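S.K.: fold the following.
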Amino acid sequence: MKTNWGAAFQIAAVYVGTVVGAGFATGREIVEFFSRFGFIGLIGILMSGYIFIFLGSKLMRISARIKAASYQELNEYLFGRFFGSAINILMLFMLLGVCAVMLSGAGAVFEEQIGISKTAGLLITIGLTIMTMIVGIRGLFAVNTFVVPMMIAFSFILLFISMKLPNFAEHVLFIPYAEDGWKAVVAPFSYTALNLTLAQAVLVPVASEINDDQTIKWGGYLGGAALTLILLSSHLTLMMLPNLEVYDIPMAAIVKTLASSLYWIFVFVIYGEIFTSVIGNVFGIERQVKKFVSVPSIIIVSFIFVVCYFISLINYGTLLSYLYPIFGYVSLTFIILLWMKPFNDESKGKKA
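M.R.: Below is the predicted model:
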C-alpha cells in the first residue's frame, strides 16, 4: 500500500497544531515540565518525542481501524463501555480547566506584554471568541496554517541566535536544584499523556476520515518528530533565560532580549495560538454538554465562559503549574492502555 505523502503532511500539520496550545506557545508549559530541570529536562523531551511519534501514530491508526467517529468511541474501546463513559465525563472537566488556562494566558499576554489589565484582556478574548463562533470557524483553519508555521520559525530563529551566545553549552548541560526533582522522571509521561488525551478530540475524526493506514502511520511519525524538534529548540533557547520560572510568558521575554525587532509579531503569534485554542476548546465542551442536556448552544457557551472566567482570574503561571501536571497524572492511564492495546487485534472491530 503506497503512502499518500500529501495527506501524511496534512495529518502531521493537524497533529502539531493540536498539541501546540497556549502553554506550549508561551513557553510556560515547557518550563513547567522540562526546562526547570535543566539537562534532565532535555532527556525528558527526547523521551516525550519517542512517545509522541509512536503512540500518537498508534492512537490515529487504531481510530481508523475501528472506524471511531469521535474520541468517545476510542475511549470506550480502550477502557470498556462503563469506564470509557466515565473517562469521557472526566475529559469534559479537563477541557473546561484547559479552557480556563487558555483564557488566563490571553489575559497574561495583555497584562504582561501590552500593559492592559488582565480583566480587559479576558473580556476582549471572550468577546472575539463569541463573535467568531457566531460567524463560523472556517477562518480558524486559515489562522492556524499561518500561526503554527510562524511559531515554528520563531523557535528555530531563537535557537540559532542562542547558540551564538557565550556559555551556551554550559547552560544546556546545567542541572539546577529542584525541591520537586522527582517530577522530572514522570514529566515525559504525564506531559505526553495530557497532550495526547486532549488531542483525541481532533486526531480521532481526522484519522477516520483519511482511513489509510500507511498514510496515517507516517503522518503520526512526521507530526511527532516535528513536535520533538520544536520542544528541543524551545527548551535549548529557554535555558539561556535567567530565572526562567518567574515569567508567565518566558518565550516573549526571550524574544524581547534576543530579537527585539520581532517582539510584537511574536506577541501576535502567541495570542493567535491562544485564541484558536480557546475556540477549539469551547466548541469541544459545547458538543459534549449537548449530549447530556438539551438546551440552546448560547446558554451552554455562556455558562462555559462564566465558569472559565472566574477560574482564569487566578494567575496564569500558577493555574498552569497546578492544573496541567494534575491532568497529566490523570491521563497516564490513557497512554498506558493505548500502549498495551495490541494493534494487530484491531481488525476484529469494537469489542468493548
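S.K.: following the helix or strand of the chain with the lowest mean pLDDT, which helix or strand shows up next?
M.R.: Least confident element among the helices and strands of the chain, by mean pLDDT, DSSP states H and E: helix 22-26 (a mean of 68). Once the chain leaves helix 22-26, the next helix or strand it forms, by DSSP states H and E, is helix 28-33.
S.K.: elements contacting that following helix?
M.R.: Judged by 3 or more Cβ pairs under 8 Å, 6 or more residues apart in numbering; DSSP states H and E, the packing partners of helix 28-33 are helix 22-26, helix 183-210, helix 213-238, helix 316-340. Backbone N, C-alpha and C define where each C-beta goes, glycine included.
S.K.: now do the contacts for F189.
M.R.: 47, 51, 328, 332, 335 (Cβ atoms under 8 Å, 6 or more residues apart in numbering).
S.K.: so how far is I124 from H235?
M.R.: 31 Å (Cβ to Cβ, to the nearest Å).
S.K.: more crowded one of these two?
M.R.: H235 (24 against 15; other Cβ atoms under 10 Å).
S.K.: the more buried one contacts G44, correct?
M.R.: No - using Cβ atoms under 8 Å, H235 is not in contact with G44; the gap is 9.1 Å.
S.K.: got any residues that touch both of those two?
M.R.: Joint contacts of H235 and G44 (Cβ under 8 Å, 6+ apart) are F34.
S.K.: what helix or strand is K2 on?
M.R.: Going by DSSP H and E, K2 is not part of any helix or strand.
S.K.: look up the closest residue to I314, ignoring the ones flanking it.
M.R.: Closest residue to I314 apart from its sequence neighbours, by Cβ to Cβ, 6 or more residues apart in numbering: S104 at 6.6 Å.
S.K.: against which helices or strands is the helix or strand encompassing the one you found packed?
M.R.: Per DSSP H and E, S104 falls inside helix 81-108. Other helices and strands packing on helix 81-108, by 3+ Cβ pairs under 8 Å, 6+ apart, are helix 22-26, helix 71-79, helix 118-135, helix 183-210, helix 263-290, helix 297-312, helix 316-340.
S.K.: what angle do that helix and helix 263-290 make?
M.R.: Note on geometry: by axes from the mean of the first three to the mean of the last three Cα atoms, to 10 degrees, helix 81-108 and helix 263-290 are set 150 degrees apart in direction.
S.K.: what angle sits between helix 81-108 and helix 297-312?
M.R.: 70 degrees.
S.K.: between the helices and strands packed on helix 28-33, which one is closest to P149.
M.R.: helix 213-238 (10.7 Å; Cβ to Cβ).
S.K.: elements contacting that closest one?
M.R.: So helix 213-238, by 3+ Cβ pairs under 8 Å, 6+ apart, packs with helix 5-19, helix 28-33, helix 39-65, helix 138-163, helix 183-210, helix 250-258.
S.K.: mind doing that once more with 7 Å?
M.R.: helix 5-19, helix 28-33, helix 39-65, helix 138-163, helix 250-258 (3 or more Cβ pairs under 7 Å, 6 or more residues apart in numbering; DSSP states H and E).
S.K.: gap between the second one and the chain center?
M.R.: For helix 28-33, the distance between its averaged C-alpha position and the chain's averaged C-alpha position is 12 Å (Cα atoms, centre = their mean, to the nearest Å).
S.K.: name the residues that touch that helix?
M.R.: With Cβ atoms under 7 Å, 6 or more residues apart in numbering as the test, helix 28-33 has contacts from 23-24, 187, 191, 231, 234-235, 238, 244-245, 248-250, 317, 320-321, 324.
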